[in-house]
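# Give the three-dimensional model of this entry:
(4 chains)
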Number of protein chains: 4
Amino acid sequence: MNPHEYTQVNDRTFLFSGHELPEDERELIRLRRDFHRHPESAWTEYRTTAVILRELRAAGIPVLYGPSLHEPSCMYGLPRPEAAEEAFRRAAGELGGDGEILPMRGGFTGCMAIIEGGLPGPVKILRVDIDCNEVAESRSAEHRPFREGFSSVHEGLTHACGHDGHAAIGVVTAKMIARHRDRLPGTVKILFQPGEEGLRGAASMAAAGVADDVSFLFGGHLGLTLTKPGAVAASAVAILSSTKLDLRFEGKAAHAGMYPQLGRNALGAAAAAVTNMLAIARHGDGASRINIGTLHAGSGRNVIPSSAEMRLETRGETAEINRYMLGEVRRIARAAADMYGCSLTETIMGSADSAESSPALVEHEMALLRQMKEVGEVIREQKFGAGEDVTTLMQVVQDRGGQAAELMFGTPLAAPHHNGSFDFDEAVLLLAAKVFAEIMFSL
Amino acid sequence: MNPHEYTQVNDRTFLFSGHELPEDERELIRLRRDFHRHPESAWTEYRTTAVILRELRAAGIPVLYGPSLHEPSCMYGLPRPEAAEEAFRRAAGELGGDGEILPMRGGFTGCMAIIEGGLPGPVKILRVDIDCNEVAESRSAEHRPFREGFSSVHEGLTHACGHDGHAAIGVVTAKMIARHRDRLPGTVKILFQPGEEGLRGAASMAAAGVADDVSFLFGGHLGLTLTKPGAVAASAVAILSSTKLDLRFEGKAAHAGMYPQLGRNALGAAAAAVTNMLAIARHGDGASRINIGTLHAGSGRNVIPSSAEMRLETRGETAEINRYMLGEVRRIARAAADMYGCSLTETIMGSADSAESSPALVEHEMALLRQMKEVGEVIREQKFGAGEDVTTLMQVVQDRGGQAAELMFGTPLAAPHHNGSFDFDEAVLLLAAKVFAEIMFSL
Amino acid sequence: MNPHEYTQVNDRTFLFSGHELPEDERELIRLRRDFHRHPESAWTEYRTTAVILRELRAAGIPVLYGPSLHEPSCMYGLPRPEAAEEAFRRAAGELGGDGEILPMRGGFTGCMAIIEGGLPGPVKILRVDIDCNEVAESRSAEHRPFREGFSSVHEGLTHACGHDGHAAIGVVTAKMIARHRDRLPGTVKILFQPGEEGLRGAASMAAAGVADDVSFLFGGHLGLTLTKPGAVAASAVAILSSTKLDLRFEGKAAHAGMYPQLGRNALGAAAAAVTNMLAIARHGDGASRINIGTLHAGSGRNVIPSSAEMRLETRGETAEINRYMLGEVRRIARAAADMYGCSLTETIMGSADSAESSPALVEHEMALLRQMKEVGEVIREQKFGAGEDVTTLMQVVQDRGGQAAELMFGTPLAAPHHNGSFDFDEAVLLLAAKVFAEIMFSL
Amino acid sequence: MNPHEYTQVNDRTFLFSGHELPEDERELIRLRRDFHRHPESAWTEYRTTAVILRELRAAGIPVLYGPSLHEPSCMYGLPRPEAAEEAFRRAAGELGGDGEILPMRGGFTGCMAIIEGGLPGPVKILRVDIDCNEVAESRSAEHRPFREGFSSVHEGLTHACGHDGHAAIGVVTAKMIARHRDRLPGTVKILFQPGEEGLRGAASMAAAGVADDVSFLFGGHLGLTLTKPGAVAASAVAILSSTKLDLRFEGKAAHAGMYPQLGRNALGAAAAAVTNMLAIARHGDGASRINIGTLHAGSGRNVIPSSAEMRLETRGETAEINRYMLGEVRRIARAAADMYGCSLTETIMGSADSAESSPALVEHEMALLRQMKEVGEVIREQKFGAGEDVTTLMQVVQDRGGQAAELMFGTPLAAPHHNGSFDFDEAVLLLAAKVFAEIMFSL
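This next block holds a predicted model:
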């Protein structure tokens, strides 16, 4: 496989630049808003997957889904069984029955569309993520989804990272490609991945082999550090390595008034852990991050708290820096437990290393993007600045000799990602769908 | 009123020492176990109150209950309305209807039995507390309530402080006294107070005037520092002053990977507050206590936590020491909020100062107790070592020229108070009921 | 030996109550002010001891001093050799030569006067402490020693605990007794102990056997919780158990700008230790204390601090509580070192358990004190509220069947003990000397 | 002024590449080792300056020194007067008299050589720094300076950042240029700047106007992130902005055993400040740093510590990030003081923003370096990764229309900078001197 050959042959195709159907954009917006209204968090994207299935099947596109897309031992950070079951029932209610989603029960969400082209060519995959954030959505009149009536109907959940848009892009890109499948070289797969938040979903799909036969893999993200409308970056750089970790400190309860000395204060241990983890020395070789996102400790006001649970994450500009951070976190957790005479349990809830887009593929994208009139600015490298488990799939492809790239699409943002007021300019949806579609025909 | 006169007249009565009915103890144990099975926390003692009402009415004892027993502005630490309502519905379900408890809706729990004696005499009140702890009960075979099938049916709630026993003592003492009401001097009230845990319930009953006409007030507690079976202390000393405080830190969420500097970490503030509050300098004049019982912070793993809530309490051997602790706590909370750029909200959830039993009344008790053959050891002063809002009622009585005493009843304990494995020797129940009944006839 | 017999025989002696010589008080004040001007800290009381020697010898009282009074392996908390040597040279300079103090070189300070009585009787010992505090003295005009020209000439040192007065009391008491030695039953020893601050000096003298042959031991302290002039307490209670500990964290230096991750931040470890040690849970059984008195860490501003040294102490109302505190301190220190990847060195610098005055001896004192007209108020038990290594000597005597008591002498204080503005009413000196002298003749 | 013109005219000069005198390297090593043996910290470089003066004067090069080179109001972080005076006397002793250094007394150290060229041309300045670190030097046999007998004779001071080499390079570069001054275009100044450590010295020299008439300014640093022998970087990037700050917490002493509640624990405040400053959120836009280099707190073991002093520094990849860090530090310091009821004093001890080398000048250097056969590898941009107050002088020159560059010279290092075992390969000295000399002739 030599991408430059494909480049020679295909790079003047331009089926979509300026030639999309009017309904493409309407559909993108309709789907994005539907997903936005019904956000589902990692491993519970039952309704989201079902809607994608319905759309693709209606367009005559074959789709795989269910347990065959996952390796159970790598499904990181599954929700508690009751919460998972509650989400399943909620989706069944919304869908008018659980028939479509029964094969997904237990977290086997997501799906993969497969479009066979009419011309010989390589296998290419577009991966989009579909899960929401566990963040409460703004109910301010300044927040467009609320004002215009498509804000989240699920309390405490919202799409605050644009995956509603990503899912819509995936569906419409599939339809656009399928419309011209006779002129498509090779095969295109569209992988709708659950659980990107928390870096949970990619590992199980990678381990199930979804990307094993792929020559080219593409991912994409809207917004983030790229807020200029019309700008497209051929490659995201500085995708942080990250590990998601749950810690539980167990101490001993005691009456705080009578026998304070008999307690083993798990909250004391947790507080020491929090402060000293935030205080981990910065790394001289690049960016490092630590966040203790949640802490829940104690039972009653007058009882020495006997347990404390925290959910945290580390990140590093390189895998080595992330390992440094994780090592420090573990040492501090251990010591904080010892300091207060508590025991400690650790559970890895998600993990992804950094990855770099393949240089030759980026070169190919650059040539293509420069010729698309919708693309207002072509950027070679754009800082990503966060974690993304597309890297796990990129590594699979690159390790097997293929090429991979993570693109970025510019859009103004109403608020930072993961904030309850997050919103983006929906014009970015059509831009992204056309870029992905063109790329698939160009290789 | 001169207690010594009553002492002269009545102290050889002994209606109950050695003469109780066989069913008295059976009833004490039956009631205690019923209450134990159905624990209800502060301001939700709907079923508990209803059972007490049924028992007392069946014995022909008049009972007051509902809003007239409470001053709403002093009902400290009410639960959230939804939680209160859920508890109300749960109790209605258990009782087979909400008819009896409708007047209590909104937290107006507890009741007051009134037994008019056939002889002239003073008004005397026995106050017992009836609420449970927000502690999960042990499910170990070594835990008798679990082994014998009367453990809590309410998840996360249990009677781990003996108030199930106190409530039973209140009921049976009332019945014992009523059996001989013709020989009773004056009037006896039995006050079943909700919300002792957290020092929440006494203030509203005191403000409603339940103890305004009272010459003698008695409270009692089983266990605590008195673990010798048969021992009775005429007065508890070192009842700690205490204040219950809720704190809420509000910061600002931000994506922990991309813009950590834009967040205002409420968990960071809370952790700094926890550690430095625990580090408040001890007081040279006596015992001080601080406990941060619970902390809940943050929303998602990769979001800088924007809020943190903690429930804490201070205690002091004297009111002055408690004020010192509370002052330090507030200063630290304020500074911790400033340190992390967060705002702070404080809410007082309960409060009671220390109080001392009236010396002359203690003398009278001593004389009586020494003559009761069930009392294995008579102790003048026993260290209480915890807070108790009976002190609020004691102060009302003492301020109006009456006398008050808090007794203690010895029993071996299976585990410390407020521990999920707490249990006591039920033999203490009859002892306490007889002591209280004798006292009421002796004054 | 039966103190009550002695009590019978001697308790109407009263040689000094109202009959002291006019020069006794002048001498007490002269000596106290001389010691105050030349404060010497633990194990460097060279000049102080020499002045005591000169005074006693001038009065014809034999004195022992030098290495025979100490067991080297128990000389806790010796200063650094250079500091010790500098103090030695300073004292030699002040004394006009090192002849007298050569035998003390290396810390063998303190001395013991021996007065043989003319009558048969037991061996009795009065122990006084002579060292100063490492506290800078106030230079305010409100501070009498400064205003009247006898404030410390040694920077950073001052007598802020009254040991200048104790030493003066020891000397004058010896002279008073010696004046009447023919009427003295048995033998009186006056032990001038170095290094009470930090609980350093008693152990080595006890191990050297100074109290092995003693039937009665007395110690005394002015001020503390007893601020009423003329009041004398026959026994100090609540002498806290205490341990003095030095900790050293060793980490690894690194350039803080370039390679922060390579450092091992000993100051970080120490700060975590400080905060979490202050946060050790209070003990339900009685008073506990923790103080980290000093911390010195780091070398340069831009270097990750590679070492940190702290000097701390724990105290407990009982030996068990002190052991609890010390155990927690050690666990926290160990964990703080682990938390920051540092190593830890611990050195015990001083230690003394609590002790109780012998009841029979206290009874004897009470009888005597009540008859002394100078004593304005006789108190049986006075809270001491601090540590005192006289307890080590008390235990030796009590373990061998003798009796011991620690007295307290009331005086108003200008500022709390160990404060740079500490001062007391010198009238307490004569009171104390007379009480001790009378006691020695009464047994 | 157009550097490219100069480039055209002069860039084939090569007076030194391959043509230096044999004594040049011997002299570099001799001087470096002499400086290494006699390290002097910021504002006390009396002997160092005197040796430089002697060397330059012996070579017939005019030198300015003394107060005219400094603006007193900008002399950041001067040592305490006694320490400064002690260093002055020490230097006088080493030099055999204080005649040469009298004009420098009070910190006016450093000097500036001026070499007038025989050809017309611009004014160019080479700035080298000459101060040492306050770090104890290794006394291990593996440490070459110790093994070979030129390790520091001043306790607690050593050249652990290579400024001994920089000073030697400055002297020998001056001599090399002076040897050929007839062929030199314009004027070369060699500025020997004191107090680079702590970013203390550049501001006062810049304010005194030493760089006001300069067209080109050069600085250079050996080692750091460039450890390959023979490598030369034309420009250092990521010179961190930095601020040096001293903080003093003042609380209140109290006896830790008796009245702990009366103290105001300055060490408690400092420990809270240390941990929470280390925990300042990382900045999403680039590298940030915080180091609390030293902390000294408390007086005696049993006294609540009433004062604590810390020396710290912040750094930022950009001036904005440094301002963020400094703002957080100040907020935390303020809050930590409040938390423990202490007062706070802040003193700025040094400060420098980041600066970037001028692109055209870097281009010129690149061309020159590529032609020098001694230069094994030419690097355009090398990460500096630390602070450097040469930036203050660079900004002066760039603000006035001139150009500036900070070079880096590769050398293996025995240990990281600021570590007591720091050492470098002395071959880098001649390389650097030749590069600087060539550059001066090329412009």
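
# so who does the closest residue to chain D within the stretch 301-443 of chain A touch?
Per C-beta to the nearest C-beta, A:Gly385 is where the stretch 301-443 of chain A lies closest to chain D, at 6.4 Å. Placement of C-beta: from N, CA and C, glycine included. A:Gly385 makes contact with A:Leu224, A:Thr225, A:Ala238, A:Leu240, B:Gly257, B:Met258, D:Gly284 under the criterion C-beta atoms under 8 Å, 6 or more residues apart in numbering or on different chains.

# before we move on, what about A:Leu15?
A:Met176, A:His180, A:Arg183, A:Ala437, A:Glu438, A:Phe441.

# coming back round to it: give me the three-state assignment for the residue of the stretch 301-443 of chain A closest to chain D.
coil (DSSP: H, G, I helix; E, B strand; the rest coil).

# How about the residues of chain A by chain D?
For chain A, the contact set with chain D under C-beta under 8 Å from any C-beta of the partner chain comprises A:Thr275, A:Asn276, A:Leu278, A:Ala279, A:Ala281, A:Arg282, A:Gly284, A:Ala287, A:Ser288, A:Arg289, A:Gly385.

# what's the closest of the residues you listed to A:Leu95?
For the residues of chain A next to chain D, the residue nearest A:Leu95 by C-beta to C-beta is A:Gly385; the value is 36.3 Å.

# Next, give phi and psi for A:Glu363.
phi -60, psi -50 (degrees, to the nearest 10).

# circling back: pLDDT-wise, what's the bottom of the residues of chain A next to chain D?
Note: of the residues of chain A next to chain D, the lowest pLDDT belongs to A:Gly385, at 77.

# quick one: contacts for the residue lying closest to that residue once chain neighbours are set aside?
Spatially, and ignoring its direct neighbours in sequence, A:Gly385 is nearest to B:Met258 (4.5 Å; C-beta to C-beta, 6 or more residues apart in numbering or on different chains). B:Met258 sits next to A:Leu224, A:Thr225, A:Gly385, A:Ala386, A:Pro416, A:His417, D:Gly284 when contact means C-beta under 8 Å, 6+ apart.

# Show me what the helix or strand hosting A:Ala236 is packed against.
Per DSSP states H and E: A:Ala236 is located in strand A:231-237. If contacts are counted by 3 or more C-beta pairs under 8 Å, 6 or more residues apart in numbering or on different chains; DSSP states H and E, strand A:231-237 sits against helix A:359-371, strand A:377-383, strand A:403-409.

# Highest mean neighbour count out of those?
When you average the neighbours per residue for each of the helices and strands packed on strand A:231-237 (mean count of other C-beta atoms under 10 Å in any protein chain shown), strand A:403-409 leads with a mean of 26.

# Pairing partners for that one, with directions?
Note on strand A:403-409: by DSSP bridges, its sheet partners are strand A:216-222 (parallel), strand A:231-237 (antiparallel).

# orientation of that strand relative to helix A:359-371 in degrees?
If you take axes from the mean of the first three to the mean of the last three C-alpha atoms, to 10 degrees, strand A:403-409 sits at 40 degrees to helix A:359-371.

# What parts of the stretch 301-443 of chain A come near chain C?
So the stretch 301-443 of chain A meets chain C at A:Ile304, A:Tyr324, A:Arg331, A:Ile332, A:Arg334, A:Ala335, A:Ala336, A:Asp338, A:Met339, A:Tyr340, A:Gly341 (C-beta under 8 Å from any C-beta).
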